[in-house]
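Peer 1: Sequence first, predicted model second:
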Amino acid sequence: LTAKGNIEDLFSQNGVKINILFDEQTLIKLFALSSVPELGRLKGRLLLSDVNGSLGIEEIQVETDDSKLIDLKIKGGVNDLLKSNQINLNTEFSIPDMALFGKLFDIDFPDLGPVKGAGRWHGKEKNGVFKGRFTVGKTALDSDISVSLAGSVPRVNGIISSPNIYLEDFGIHPEDRSSKGTEKVSGPLFSRNPLPLSILQKINLDLHASAREVTGVNYHLDKMNVNLSFHNGRLKIAPAKFVFSEGSIVLNAEVFAGKTPEFTLSIKGSSIQLGDLISELHQPPAIEGDLDLIVDLKSRGSTAHEVASNLSGDFGLMLEGGKIRKRELELLFLNPLGWLFSHGISGNELQISCGLARYKIHQGIADSKVLYINGPKLMARGKSEINLKKETINALANLEKKKLLFNTRVSLQIKGSLADPEI
């Protein structure tokens, strides 16, 4: 830490102008950063003066030797430092590599596009407001965020909006599975490790996020609105709504991070183009069609296994005008359709006129109330019981293969471990 400057009158504190220079080790200690050699040397500068008649911070700069990795500049002032009266800061930053930047704080950021931003922070004492625009790749995000540090935990309220969110900028893009082998999982399906819910106790938040469009490689949403809140360890999404030309998805969810965490989830989807949606994650899609979906679930538990074991509620879907690709379906781990159709399809594709499934779930045991699939070449009826606590399945399916002169019927029983059942 190096300080250079002058004070014209020490006792009255007039004519103050001091440059304070921070080296890398000082910045690391002040802000609890991690040393990352790839970033180059960190350095910072703070200008303290009373040039405007009140003692305040006139300029703050933090940068690196290699501005291609991170370039952060903060300019502004505290109008009266001694009284902590009013803070005004203009910020401008550019972070081409968020993964590398996150290493400074030991945070694993997802595969984001280059991030840039500019905005203004103004506030008084422990309260402030930030308004500005961020860009992540091609995605522009406008923000109006207020922050309060007056309580026992920080409180954040605000709005984030975008004219168009490009999914590729956030690391969401199709994965080609056509050349991959079948996935295998060793050990339990549901983790016994504690769920990472401590963040819900460390902040209170009310955030509204919206986008006029959401653009993927193969899928397009006309509108997105999400209301998100954290309050005293309780997370609420109420609601998240996604609208597209054919239909919509409405999601409500709640997580309470108490001594025994509690979870609720409700989803209503209509006319979802399933193939286009799946193709945003995997190419080519294993299933296509027009999907209606109803989910109403609740559970409790501190681990994924406890949540699965205590799961209760309803799950139902209807698929029309669909298509199943056997080869791609078999690549997906833990899918009863893959096990079923590996014995019912001679070719790679099967057309589905209508598919219905409804499960009633109680304390981790899912019983099928309806399981029916019909198409030009195959009809299937069945029932199943899936025990999520024991991670087992017991299912019986009756397949009728439709042929020109006569039909043939086959009964299949699927039982045993969910990870590796016997057929």
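Peer 2: On my side now, so go ahead.

Peer 1: Can you give me the separation between the nearest residue to residue 221 once chain neighbours are set aside and residue 318?
Peer 2: If the residues on either side of it in the chain are set aside, residue 221 comes closest to residue 214, at 3.8 Å by CB to CB, 6 or more residues apart in numbering. For glycine as for every other residue, the C-beta is placed from the backbone atoms N, C-alpha and C. From residue 214 across to residue 318, the span is 25 Å (CB to CB, to the nearest Å).

Peer 1: What of residue 251?
Peer 2: From residue 251 to residue 318 the distance is 18 Å (CB to CB).

Peer 1: go on, residue 382?
Peer 2: Separation of residue 382 from residue 318 (CB to CB) stands at 16 Å.

Peer 1: The two: which has the busier surroundings?
Peer 2: residue 382 (21 against 18; other CB atoms under 10 Å).

Peer 1: could you say which helix or strand contains the more buried one?
Peer 2: According to DSSP states H and E, residue 382 maps onto strand 378-387.

Peer 1: Average pLDDT for the helix or strand following that strand, rounded please.
Peer 2: Downstream of strand 378-387, the first helix or strand assigned by DSSP H and E is strand 392-401. Averaged across strand 392-401, the pLDDT comes to 85.

Peer 1: so what secondary structure elements neighbour strand 392-401?
Peer 2: Using 3 or more CB pairs under 8 Å, 6 or more residues apart in numbering; DSSP states H and E as the contact test, the elements touching strand 392-401 are helix 336-341, strand 378-387, strand 408-417.

Peer 1: Other residues contacting that strand?
Peer 2: Strand 392-401 is contacted from outside by 336, 340, 343-344, 368, 371, 377-387, 407-418, 421, using CB atoms under 8 Å, 6 or more residues apart in numbering.

Peer 1: neighbouring strands for it, and are they parallel or not?
Peer 2: strand 378-387 (antiparallel), strand 408-417 (antiparallel) (DSSP bridges).

Peer 1: Tabulate these in CSV, adding columns for mean pLDDT and distance to residue 86.
Peer 2: CSV is the format used below for the strands paired with strand 392-401 (pLDDT from 0 to 100; distance: least, CB to CB, whole Å):
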stretch, mean pLDDT, distance to residue 86
strand 378-387, 87, 61
strand 408-417, 83, 64
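
Peer 1: Between the ones you listed, which one is closest to residue 43.
Peer 2: strand 408-417 (57.3 Å; CB to CB).

Peer 1: what's the following helix or strand after that closest one?
Peer 2: Using DSSP H and E, the helix or strand that follows strand 408-417 in sequence is strand 421-422.

Peer 1: what packs against that next one?
Peer 2: Looks like strand 421-422 contacts strand 408-417 (3+ CB pairs under 8 Å, 6+ apart).

Peer 1: Show me which positions of the strand it packs on end up buried.
Peer 2: Within strand 408-417, the residues scored as buried using 16 or more other CB atoms under 10 Å are 412, 414.

Peer 1: Hmm, residue 220 and residue 211 touching each other?
Peer 2: No: contact criterion CB atoms under 8 Å: residue 211 and residue 220 do not qualify, at 11.5 Å.

Peer 1: Pick out whichever of the two has more residues nearby.
Peer 2: residue 211 (21 against 14).

Peer 1: May I have the beta-bridge partners of the more buried one?
Peer 2: Residues in beta-bridge contact with residue 211 (DSSP bridges): residue 162, residue 224.

Peer 1: From residue 114, how far out is it?
Peer 2: Residue 211 is 19 Å from residue 114, by CB to CB.

Peer 1: With residue 311 instead?
Peer 2: Counting by CB to CB - residue 311 and residue 114 are separated by 41 Å.

Peer 1: swap in residue 210?
Peer 2: From residue 210 to residue 114 the distance is 23 Å (CB to CB).

Peer 1: Same check on residue 157?
Peer 2: 28 Å.

Peer 1: From what I see, residue 270 and residue 248 are in contact.
Peer 2: Yes: taking contacts as CB under 8 Å, residue 270 lies within contact range of residue 248: 6.1 Å.

Peer 1: Next, the angle from the strand or helix carrying residue 322 to strand 378-387.
Peer 2: Taking DSSP H and E as the definition, residue 322 sits inside strand 312-325. Here strand 312-325 runs at an angle of 140 degrees relative to strand 378-387 (axes from the mean of the first three to the mean of the last three CA atoms, to 10 degrees).

Peer 1: can I assume residue 99 sits in a strand?
Peer 2: No: read with DSSP: H, G, I helix; E, B strand; the rest coil, residue 99 is helix and lies in no strand.

Peer 1: Quick one, grab the pLDDT at it.
Peer 2: pLDDT, residue 99: 75.

Peer 1: So the closest residue in space to residue 234 that isn't next to it in sequence versus residue 161, what's the distance?
Peer 2: The shortest distance from residue 234 to any non-neighbouring residue, by CB to CB, 6+ apart, is to residue 256 (4.8 Å). Residue 256 is 29 Å from residue 161, where distance means CB to CB.

Peer 1: do residue 420 as well
Peer 2: Per CB to CB, residue 420 is found 47 Å from residue 161.

Peer 1: Looking at these two, which one has more neighbours?
Peer 2: Between residue 420 and residue 161, counted using other CB under 10 Å, the more crowded position is residue 161 (15 against 9).

Peer 1: Is it correct that that one is in contact with residue 213?
Peer 2: No: Residue 161 is beyond contact range of residue 213, at 11.7 Å (criterion: CB under 8 Å).

Peer 1: wouldn't residue 222 be in contact with residue 241 here?
Peer 2: No: with contacts counted by CB under 8 Å, residue 222 stays clear of residue 241, the gap being 11.0 Å.

Peer 1: Switch the helices and strands packed on strand 392-401 over to JSON lines; also include distance to residue 133.
Peer 2: Below are these laid out as JSON lines (distance: least, CB to CB, whole Å):
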{"stretch": "helix 336-341", "distance to residue 133": "45"}
{"stretch": "strand 378-387", "distance to residue 133": "48"}
{"stretch": "strand 408-417", "distance to residue 133": "52"}
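
Peer 1: Report the buried residues of the strand holding residue 382.
Peer 2: 378, 379, 380, 382, 384, 386, 387.

Peer 1: Could you save these as a markdown table and add columns showing distance to residue 16?
Peer 2: Shown next, in a markdown table, are the buried residues of strand 378-387 (distance: CB to CB, whole Å):
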| residue | distance to residue 16 |
| --- | --- |
| 378 | 84 |
| 379 | 86 |
| 380 | 82 |
| 382 | 81 |
| 384 | 77 |
| 386 | 72 |
| 387 | 73 |
